[in-house]
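**Student:** Fold the following, please.
(chains A and B)
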Amino acid sequence: GAGVSQTPSNKVTEKGKYVELRCDPISGHTALYWYRQSLGQGPEFLIYFQGTGAADDSGLPNDRFFAVRPEGSVSTLKIQRTERGDSAVYLCASSLDPRGSYNEQFFGPGTRLTVL
Amino acid sequence: AQSVTQLGSHVSVSEGALVLLRCNYSSSVPPYLFWYVQYPNQGLQLLLKYTSAATLVKGINGFEAEFKKSETSFHLTKPSAHMSDAAEYFCAVSHSGGSNYKLTFGKGTLLTVNP
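**Tutor:** Have a look, this model is predicted:
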């Protein structure tokens, strides 16, 4: 079966522009996560969706970052007024419901965002 | 709060030699611990996990790790390195409670395998 897919694989934009990054989770996975991996660092948690709702958005760095999952499947991470410091690889992961017991997170290949 | 420290950003071994990648964690509650591998231009792949069962955990590709609570360590080992093991390895921790989904990663260790 298909794994987690992310589009685009690479995105180059100019400072101040708006970008959207898309994640298609594994079919049947109710949980979806976004992480950000800056150069030389490990991934950092951004947000967790359970179904359509954001159950934990404590990792979003500021209000320029927003994510949605309107139908409980595909998710879009939106970044307004991009800054050079937003340049990173944005990783998406999905899993079965983690509530009650741990379920493995499966990661996509990431979107490399470069802000010039 | 929880954190992970990976000692050594780059480890180089010869093919057939022992692989040892070090990970120390801090956590205020019983942790879940993980090792992930990342090949170039690919997503993270779970190698193994500790979720409070056996302290010696065996994973894929011949890797294993031992949870040592007294040392707050979860080091990754493989008896004999293969060229295909060259990749970046990440140790991660999460809580065993309600926020078990929130992974905190170390900075990673790049493993090079020399012929």
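
**Student:** tell me the centre residue of chain B?
**Tutor:** For chain B, B:Trp35 is the residue whose C-alpha lies nearest the centre (Cα atoms, centre = their mean; 3.2 Å).

**Student:** show me what contacts it?
**Tutor:** Residues near B:Trp35 by Cβ atoms under 8 Å, 6 or more residues apart in numbering or on different chains: B:21, B:23, B:46-49, B:59, B:63, B:65, B:74, B:76, B:89-92. The way it works is simple: take the backbone N, C-alpha and C, and place the C-beta from them, glycine included.

**Student:** tell me which element it falls in.
**Tutor:** Using DSSP states H and E, B:Trp35 sits in strand B:31-38.

**Student:** Now the element after that strand, going C-ward?
**Tutor:** strand B:44-50.

**Student:** contacting residues for B:Gln38?
**Tutor:** B:44-45, B:87-90, B:108.

**Student:** Against chain A, which of those make the cut? List them.
**Tutor:** B:44-45, B:90, B:108 (Cβ under 8 Å from any Cβ of the partner chain).

**Student:** Mind checking which of these are buried?
**Tutor:** Using 16 or more other Cβ atoms under 10 Å in any protein chain shown as the burial test, the ones next to chain A among the contacts of B:Gln38 include B:44, B:90, B:108 as buried.

**Student:** how near is the last one to B:Val19?
**Tutor:** This points to B:Gly108. 15 Å (Cβ to Cβ, to the nearest Å).

**Student:** I'd like the buried ones among the ones next to chain A among the contacts of B:Gln38 laid out as TSV, including pLDDT and distance to A:Gly72.
**Tutor:** Shown next, in TSV, are these (pLDDT from 0 to 100; distance: Cβ to Cβ, whole Å):
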residue	pLDDT	distance to A:Gly72
B:Leu44	92	23
B:Phe90	97	28
B:Gly108	97	32
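
**Student:** Please tell me how far the residue lying farthest from the centre of chain A sits from B:Tyr101.
**Tutor:** Centroid-distance maximum for chain A: A:Gly100 at 23.2 Å, with Cα atoms, centre = their mean. A:Gly100 sits 11 Å away from B:Tyr101, taking Cβ to Cβ as the criterion.
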